[in-house]
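Colleague: Could you work out the structure for the sequence below:
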Amino acid sequence: MPFFEPEQDDYREIVRDFVDREVMPHYARWEAAGQVDPAVWRAAAQRGLLGLEVGPEHGGMGLRDWRFRLVVIEELGFAGAAALNTGFAAHDDLVLPAIQGHGSEELRRRWLPRMATGASIGAIALTEPGAGSDLRAIRTRAVAAGDDWVLDGQKAFVSNGSLAEVLVVAASTDGGKSLTLFALDGDTPGIDRGHHLDKLGLRAQDTVEVFLTDCRVPAGNVLGEVGDGLAILRRLLPRQRLAQAAISWAEAAGALRWTENHVFARRAFGQRIGDFQNTRFTLAEIETGLDVTRSYLERCVDRLDDGTLSPVEAAKAKWWAGEQAVAAVSGLLQLFGGYGFMEEYPIARAFRDSRVQTIYAGATEVMKDLIGRDIARRHH
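Modeller: So this is what the prediction gives:
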C-alpha cells in the first residue's frame with residue numbers, strides 16, 4: 001500500500017508550488033539577511049502549510065494526519081530550504097502542540113488562530129549557556145509573585161527567536177526543584193533579544209539569545225500545572241525529534257537528486273561521471289541507506305498519528321537520520337568536485353546546513369544514551 005493517499009499527493013502540488021514561487025527565489029537574500037521575510041509565514045498559512053491540526057473552534061482545520069506535515073518537510077527539504085524547514089518545525093511541532101495540548105482555553109483562543117494564519121510565529125526557549133540537553137540544569141528561575149510569576153534568566157540558540165510573538169519558556173520553579181513551561185507574549189516587558197547568531201549553516205534561520213529580566217507573566221500563562229515541565233516535554237519531544245529526522249532525510253534525498261543530475265550530465269575522461277564504478281557505488285550506498293531510513297520514518301509517522309510513538313523510537317529516528325544526512329551530503333558533495341565547494345551550488349549550502357542535524361533537538365550522543373538506558377532497563 002502506498003504510504004501517501006491521493007489527498008497528500010494533491011497537497012504536495014500546492015506545497016511544491018509554494019516553495020517554487022514564495023521560497024526559493026528569495027532564499028539567497030534571506031541567507032544574507034540572517035532571517036526569512038515574515039511575509040513567507042503568512043503566505044505559507046494561506047496555502048494551508050501551517051497549523052493544520054488547530055481545531056475549527058480556533059480557526060483551523062483540525063487535521064491530525066501528520067503525513068501532511070511530512071509533505072511540507074519533504075518539499076522544503078528537496079529544495080534545500082533547511083532554515084525555513086527548521087523554523088516551521090519549531091512552530092508547528094513544538095510550540096503549537098504545547099499550547100493546544102497544555103494551555104488554558106484563554107491561551108488557546110489568544111494564540112492558536114494567529115499561529116494558524118502565520119500572523120504570530122512561535123519559538124521555544126529551552127537551551128541555556130550552561131544547559132543544553134540536560135534540562136535539569138536549567139538556571140532560568142520563575143518566582144511566584146501574587147497572581148504572576150517573575151522570570152529571570154538567559155536562553156541560547158532560540159530558533160525563530162527574533163521573529164517570535166509567542167515564546168514557550170522553560171524555567172525552574174519551587175526553588176529549583178521542578179521545571180515549568182510558560183507561554184510568553186513576545187512584547188512582555190523584560191524580554192530582550194540578542195543579535196542574530198553567526199552560524200555555520202541554517203543562515204536564513206533567525207537564531208538568537210533571549211534575556212529575561214524581571215519578566216512578569218500571569219499565572220494563567222503556565223502550560224499544564226506548575227512543575228509539569230519535564231513531563232510535558234517528554235510528551236512533546238518525540239514529535240519534534242521525528243520532525244528533525246524527517247528534515248534530515250529530505251535534505252539528503254534532495255542532495256541525492258541534485259547529484260544524480262550533475263554526475264549524469266557532466267563528463268570526464270570520455271564518459272559521464274555517473275558511469276564510473278566509484279560514482280555508482282556511492283550513489284547506490286546512499287540511496288539504499290535513505291530507502292531503509294524512509295521505511296522506519298514511515299513506521300514512526302504511523303505511530304505518531306495513532307498516539308503510540310515512544311521517546312525511544314523517536315530517538316532512534318533522530319540520531320540515525322541525522323548521522324546519515326551528514327555522511328550522505330558529504331559523500332555527494334565529493335562527486336561535484338570543485339563545484340561542490342562553490343556557494344552557487346545548492347550542495348554547498350546543504351553541506352553547511354546538514355551538519356547541525358546531529359547536534360540540535362537532541363545530540364546523537366544523548367539519543368544513544370536514551371536508547372541505551374532503555375535497553376539496560378530490560379535487564380533489571
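Colleague: Which parts of the stretch 1-150 of the chain are strands?
Modeller: 122-125, 141-145, 148-159 (DSSP state E, counting those that start in this stretch).
Colleague: Which of those strands has the highest mean neighbour count?
Modeller: strand 122-125 (a mean of 28; mean count of other CB atoms under 10 Å). C-beta coordinates here come from the backbone N, C-alpha and C atoms, glycine included.
Colleague: send the alpha carbons of that one over as PDB?
Modeller: The C-alpha trace of strand 122-125 is given here as PDB (Å, rounded to 0.1, in the frame of the first residue of the first chain):
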ATOM      1  CA  GLY A 122       6.200  30.600  17.800                       C
ATOM      2  CA  ALA A 123       9.600  29.800  19.400                       C
ATOM      3  CA  ILE A 124      10.600  27.600  22.300                       C
ATOM      4  CA  ALA A 125      13.400  28.600  24.700                       C
END
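Colleague: Could you save the strands of the stretch 1-150 of the chain as a markdown table and add columns showing distance to Ala82 and mean pLDDT?
Modeller: Output for the strands of the stretch 1-150 of the chain, formatted as a markdown table (distance: least, CB to CB, whole Å; pLDDT from 0 to 100):
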| stretch | distance to Ala82 | mean pLDDT |
| --- | --- | --- |
| strand 122-125 | 17 | 98 |
| strand 141-145 | 33 | 97 |
| strand 148-159 | 12 | 98 |
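Colleague: Turn those strands into a markdown table, including distance to Lys318.
Modeller: As requested, the strands of the stretch 1-150 of the chain are arranged in a markdown table below (distance: least, CB to CB, whole Å):
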| stretch | distance to Lys318 |
| --- | --- |
| strand 122-125 | 16 |
| strand 141-145 | 29 |
| strand 148-159 | 16 |
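Colleague: Just want the phi and psi numbers for the residue lying closest to Gly194 once chain neighbours are set aside.
Modeller: Excluding the flanking residues, the one nearest Gly194 by CB to CB, 6 or more residues apart in numbering is Glu209, at 3.7 Å. Backbone torsions for Glu209, taken as degrees, to the nearest 10, come to phi -90, psi 150.
Colleague: Let me know the average pLDDT across stretch 177-186.
Modeller: Stretch 177-186 carries an average pLDDT of 96.
Colleague: Just the buried residues of that stretch, please?
Modeller: Ser178, Leu179, Thr180, Leu181, Phe182, Ala183, Leu184, Asp185, Gly186 (16 or more other CB atoms under 10 Å).
Colleague: what's the first-to-last distance across stretch 341-357?
Modeller: Length of stretch 341-357, first residue to last, CA to CA, to the nearest Å: 20 Å.
Colleague: what does it rub up against?
Modeller: 31, 80, 82-83, 199-203, 244, 247-248, 251-252, 254-255, 258-259, 321-323, 325-326, 329-330, 332-333, 336, 339-340 (CB atoms under 8 Å, 6 or more residues apart in numbering).
Colleague: Narrow these to those in helices?
Modeller: Per DSSP state H, helices hold the following members of the contacts of stretch 341-357: 31, 82-83, 244, 247-248, 251-252, 254-255, 258-259, 321-323, 325-326, 329-330, 332-333.
Colleague: Buried ones among these?
Modeller: Neighbour counting over the ones in helices among the contacts of stretch 341-357 (16+ other CB under 10 Å) leaves 31, 82-83, 244, 247-248, 251-252, 254-255, 258-259, 321-322, 325-326, 329-330, 332-333 as the buried ones.
Colleague: How about the secondary structure of Cys215?
Modeller: Per DSSP: H, G, I helix; E, B strand; the rest coil, the local secondary structure of Cys215 is strand.
Colleague: Excluding sequence neighbours, find me the nearest residue to it.
Modeller: Gly190 (3.3 Å).
Colleague: same question, Asp65
Modeller: That would be Asp305: by CB to CB, 6+ apart, it lies 6.2 Å from Asp65.
Colleague: With Lys318 instead?
Modeller: Per CB to CB, 6+ apart, closest to Lys318 is Arg241, 4.0 Å.
Colleague: Can you tell me the element that neighbour falls in?
Modeller: helix 229-263 (DSSP states H and E).
Colleague: Against which helices or strands is that helix packed?
Modeller: helix 67-79, helix 82-90, helix 96-102, strand 166-173, strand 178-185, helix 277-305, helix 311-334, helix 346-354 (3 or more CB pairs under 8 Å, 6 or more residues apart in numbering; DSSP states H and E).
Colleague: if we go to 6 Å?
Modeller: helix 67-79, helix 82-90, helix 96-102, strand 178-185, helix 277-305, helix 311-334, helix 346-354 (3 or more CB pairs under 6 Å, 6 or more residues apart in numbering; DSSP states H and E).
Colleague: who touches the third one?
Modeller: With contact meaning CB atoms under 6 Å, 6 or more residues apart in numbering, helix 96-102 is reached by Leu107, Trp111, Met115, Val168, Ala183, Leu223, Gly224, Ile232, Leu236.
Colleague: Buried residues, it. List them.
Modeller: Leu96, Pro97, Ala98, Ile99, Gln100, His102.
Colleague: For the stretch 101-250 of the chain, give me the ranges with low pLDDT.
Modeller: For the stretch 101-250 of the chain, no stretch has pLDDT under 70.
Colleague: mind redoing it with 90?
Modeller: Residue ranges of the stretch 101-250 of the chain with pLDDT under 90: 130-137, 174-177.
Colleague: can you tell me which residues contact Gln8?
Modeller: Contacts of Gln8 by CB under 6 Å, 6+ apart are Arg67, Val71.
Colleague: Pull up the distance across stretch 70-88, start to finish.
Modeller: 12 Å.
Colleague: and that stretch, how far out from the chain's middle?
Modeller: 9 Å (CA atoms, centre = their mean, to the nearest Å).
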